[in-house]
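Novice: Mind folding the following:
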Amino acid sequence: MRISYLVCYDICDDKRLRKVFQIMRGYGDHLQYSVFECQLTQIDMAKLRRELGAVVHRDEDQVLFVNLGPAEGRGDRVITALGKPYTRIDAPCIVV
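Specialist: Now for the predicted structure:
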C-alpha cells in the first residue's frame, strides 16, 4: 500500500541541497522550493531515507516526513495558497 507524504527539507550547504533535490525528484512531485509530495511504499520510504541519510548532515540539516495517509481513495489533490497562488510545476527545476 502506498502512503502519501509531504517531504520538506532544510539543508545548510548548497552542494548537499542540490544532491537532496536530485534524490527527491526521483521519488515525488516538486511542489515548492524544498517541498515534495511523495506516494511511497514501505520499501520506497526505506530506500529514500537511506539515500538521504548518506547526504544529510544530522547536526546541521533537517528532513521532515509528514504522513498524509493512504494514497488510494484520497481523491484529487487540493492545494490552496495564501499569498501568491499555487501553480503546478511542469517544467524541470534546476537548483544552481
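Novice: so who does the most centrally placed residue in the chain touch?
Specialist: Central residue of the chain (Cα atoms, centre = their mean): F36, 2.9 Å from the mean position. Shown in contact with F36 (Cβ atoms under 8 Å, 6 or more residues apart in numbering): L6, V7, C8, M24, Y27, G28, D29, H30. From N, CA and C alone the C-beta is placed, and that goes for glycine too.
Novice: What segments of the chain are helices?
Specialist: In the chain, the helices defined using DSSP state H lie at 14-25, 42-53.
Novice: G69: which of those helices is closest?
Specialist: Of all the helices of the chain, it is helix 42-53 that lies closest to G69, at 14.0 Å by Cβ to Cβ.
Novice: For the closest one, name the packing helices and strands.
Specialist: Under the contact definition 3 or more Cβ pairs under 8 Å, 6 or more residues apart in numbering; DSSP states H and E, helix 42-53 sits against strand 3-10, helix 14-25, strand 35-40.
Novice: Give me the contact list for the longest one.
Specialist: Put plainly, it is helix 14-25. 7, 9, 11, 30, 34, 36, 38, 48, 51-52, 55-57, 61, 63, 93, 95.
Novice: Low-confidence regions, this protein specifically.
Specialist: Along the chain, the parts satisfying pLDDT under 70 run over 74-83, 86, 88-96.
Novice: circling back to that earlier point, filter the contacts of F36 to the buried ones?
Specialist: Taking 16 or more other Cβ atoms under 10 Å as the criterion, what is buried in the contacts of F36 is V7, C8, M24, Y27, G28, H30.
Novice: Against P70, how distant is the second one?
Specialist: With distances defined as Cβ to Cβ, to the nearest Å, the gap from C8 to P70 amounts to 20 Å.
Novice: again, but for the fifth one
Specialist: Separation of G28 from P70 (Cβ to Cβ) stands at 16 Å.
Novice: before we move on, what about the third one?
Specialist: Using Cβ to Cβ, M24 is found at 21 Å from P70.
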